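Engineer: predicted model, plus sequence, below.
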Amino acid sequence: MMTKGLFGGETIRKRLDLVIQKPMNGHVEDIQGKRFGMLTVRKYYGSKQKGGAYWICDCDCGKEIITSAHSLKDGNTSSCGCKHIKQSSELCKTRNKIHGYSKEPLYFVWKTMRQRCYNPRQHDYKWYGAKGVKIAEVWNDYTVFRKWSLENGYAHGLTIDRIDGNKDYSPDNCRWITIQEQQKNKSNVKKTA
Ligand SMILES: [Zn+2]
């Protein structure tokens, strides 16, 4: 029976216990000197019982790793692990940025707009989501909505208004107006209706 440690949370070192340091033979494809992502293959390390060659690689960041030719070729391993760390820290930065925005009043406007359209438990949903009013897909991303707002007359205290009340919330069909203006528009609609 296989021990649990060989899968899941295995470390490279544990996996390498399976590698017999036998000399390179004709069955092993020579990939010395080749590049895979940030890795340059430096030296043959050994092979498993049934094929599966392992190579010592130099990462662009300066670290050394031993990995299988297979995982290099199918793109599973393209750095010593530093690439992943870098990507997650980039991801963190983006998340933090959005998180930072989440305290501004405009974010609240965006959030309540989404609730009106997509949350049946929201008080105003009956006037919006229930009537089929949607939000343009590009505005699923708050940063896109934010950029559009700042470039199109948003100021604190203004409300987002659909120019054509039969159409969705979208960059083409929206404007920023005062609540008084919006109420005036609504009562005009009522009068003409
Ligand atoms: Zn690295």
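Structural biologist: In hand now; what should we look at?

Engineer: what does this protein put close to the ion?
Structural biologist: 59, 61, 63, 79-80, 82 (Cβ under 5 Å from the ion). Using the backbone N, CA and C atoms, a C-beta is placed for each residue, glycine as well.

Engineer: just checking, which of these belong to strands?
Structural biologist: Cys59 (DSSP state E).

Engineer: for ChimeraX, what selects the buried ones among the residues of the chain next to the ion?
Structural biologist: Those of the residues of the chain next to the ion that count as buried under 16 or more other Cβ atoms under 10 Å are selected in ChimeraX with:
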select :59,79,80
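
Engineer: mind checking which of the residues of the chain next to the ion are in helices?
Structural biologist: Among the residues of the chain next to the ion, DSSP state H puts Cys82 in helices.

Engineer: using TSV, please lay out the residues of the chain next to the ion together with pLDDT.
Structural biologist: Listed next are those as TSV, based on pLDDT from 0 to 100:
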residue	pLDDT
Cys59	91
Cys61	87
Lys63	89
Ser79	91
Cys80	90
Cys82	87
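
Engineer: report the two of the residues of the chain next to the ion separated the most.
Structural biologist: Pairwise distances across the residues of the chain next to the ion peak at 8.7 Å for Lys63 and Ser79 (criterion: Cβ to Cβ).

Engineer: tell me the pLDDT of the most centrally placed residue in the chain.
Structural biologist: In the chain, the centroid-proximal residue (Cα atoms, centre = their mean) is Leu91; its distance is 7.1 Å. pLDDT for Leu91: 73.

Engineer: surely it is within a strand?
Structural biologist: No: going by DSSP: H, G, I helix; E, B strand; the rest coil, the assignment for Leu91 is helix, not a strand.

Engineer: now do the end-to-end distance for stretch 32-40.
Structural biologist: Terminal residues of stretch 32-40 are spaced 8 Å apart (Cα to Cα, to the nearest Å).

Engineer: which residues sit against it?
Structural biologist: Identification of contacts with stretch 32-40 by Cβ atoms under 8 Å, 6 or more residues apart in numbering yields 41-44, 55, 57-61, 65, 67, 72-73, 75, 77-80, 82-83.

Engineer: for it, buried residues please.
Structural biologist: 36, 38-39.

Engineer: so after the helix or strand bottoming out on mean pLDDT in the chain, what's the next helix or strand?
Structural biologist: Every helix and strand in the chain was compared by mean pLDDT, DSSP states H and E; the lowest is helix 12-16, with a mean of 56. Following helix 12-16 in sequence order, the next helix or strand is strand 35-36 (DSSP states H and E).
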